[in-house]
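**Student:** Sequence isn't available, so here's the structure alone:
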């Protein structure tokens, strides 16, 4: 497995729309392993999308199970060709992103969603999600459509904030 380079804003490639996955083969499995390794190497990253590492295919990984407020959640999810088929309610929340390392921002997202996606083997599955997990999935799906949280902030003047500086484990 390898830690892949992350594209960072304002890289224009982050605006590119990703293509559906049609081949569920060993190459996809290896890429998913590398994508997960990259997510784990990030500072507290709960999700990552293929476009963030320069692969414009519809693959995201989300795992909010180890966050401060993990309940409810579905654990570690590899979502291929994800689609939100229903959404309900709206909630304002602060978001950050591996591709926007210096800022966080306030974004309005649906409180609850119904999600349909394929797993890494190509099997279709469905989930009902709410709270932080629903927010994280919406954030990652935006990457597949060429959107960053910066494109969804309520106000660029008052809802974008400088991020705290994170230190990796073992750094002084």
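**Tutor:** Here it is on my side, so go on. Predicted model, so just to flag it, every value in this text is computed and none were measured.
**Student:** okay, CA-based contacts and neighbour counts for the rest of this
**Tutor:** OK.
**Student:** host element of residue 5?
**Tutor:** Of the helices and strands defined by DSSP states H and E, none includes residue 5.
**Student:** For it, list the residues it contacts.
**Tutor:** Residues near residue 5 by CA atoms under 8 Å, 6 or more residues apart in numbering: residue 53.
**Student:** I'd say residue 15 and residue 150 touch.
**Tutor:** No - using CA atoms under 8 Å, residue 15 is not in contact with residue 150; the gap is 11.6 Å.
**Student:** Neighbour count: those two, which is higher?
**Tutor:** Using other CA atoms under 10 Å as the criterion, residue 15 and residue 150 rank with residue 150 on top: 21 against 17.
**Student:** center of the protein - which residue?
**Tutor:** The residue lying closest to the centre of the chain (CA atoms, centre = their mean) is residue 140, at 2.8 Å.
**Student:** With adjacent residues omitted, what lies nearest to it?
**Tutor:** Nearest residue to residue 140, sequence neighbours excluded (CA to CA, 6 or more residues apart in numbering): residue 49, at 5.7 Å.
**Student:** burial measure for the one you found, as a count.
**Tutor:** Neighbourhood size, residue 49 [other CA under 10 Å]: 29.
**Student:** Show me what it is bridged to.
**Tutor:** residue 60 (DSSP bridges).
**Student:** mind listing what it touches?
**Tutor:** Shown in contact with residue 49 (CA under 8 Å, 6+ apart): 35, 58-61, 140-141, 143-144.
**Student:** what's the single longest helix in the protein?
**Tutor:** Taking DSSP state H as the criterion, the chain has its longest helix at helix 26-41.
**Student:** okay, now residue 39: neighbour count?
**Tutor:** Residues near residue 39, counting by other CA under 10 Å: 23.
**Student:** Can you tell me how far the residue nearest to residue 140 is from residue 145?
**Tutor:** Residue 49 is 11 Å from residue 145, where distance means CA to CA, to the nearest Å.
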